[in-house]
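Engineer: this is a predicted model, with the sequence first.
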Amino acid sequence: MAIYRLLQNSPLGPEEIAILTDAYERTLRKLRLVDRNDPITQLIASKIIELGQRGVRDANKLTELAVKELGVE
């Protein structure tokens, strides 16, 4: 999955990684994306990590912002 590859060498701790991966999975479910090889999953993963780097630490908020900023809903 895209987010796991992107976070593989990340300096983030386990708690932060758990929040980001939870948000990623929530976003994919919200958008009804089941094909993890779909290129949009990479964009979603990158956006969620970017939002996490901006300080967003809530999975629901990450999902909401990712969908909004990517304009995919």
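Structural biologist: In hand now; what should we look at?
Engineer: show the average pLDDT along the helix ranked longest in the chain.
Structural biologist: For the chain, the helix that runs over the most residues, judged by DSSP state H, is helix 14-30. Mean per-residue pLDDT for helix 14-30: 96.
Engineer: from now on call the first residue 857
Structural biologist: Will do, 857 is the new start, and the previous item becomes helix 870-886.
Engineer: now for it, which elements pack on it?
Structural biologist: helix 858-863, helix 895-909, helix 915-926 (3 or more Cβ pairs under 8 Å, 6 or more residues apart in numbering; DSSP states H and E). For glycine as for every other residue, the C-beta is placed from the backbone atoms N, C-alpha and C.
Engineer: what comes up buried for the longest one?
Structural biologist: Going by neighbour count (16 or more other Cβ atoms under 10 Å), the buried part of helix 895-909 is 897-898, 900-901, 903-905, 907-908.
Engineer: count the residues that sit near the closest residue in space to Gly908 that isn't next to it in sequence.
Structural biologist: Nearest residue to Gly908, sequence neighbours excluded (Cβ to Cβ, 6 or more residues apart in numbering): Leu876, at 5.0 Å. Leu876: 25 surrounding residues under other Cβ atoms under 10 Å.
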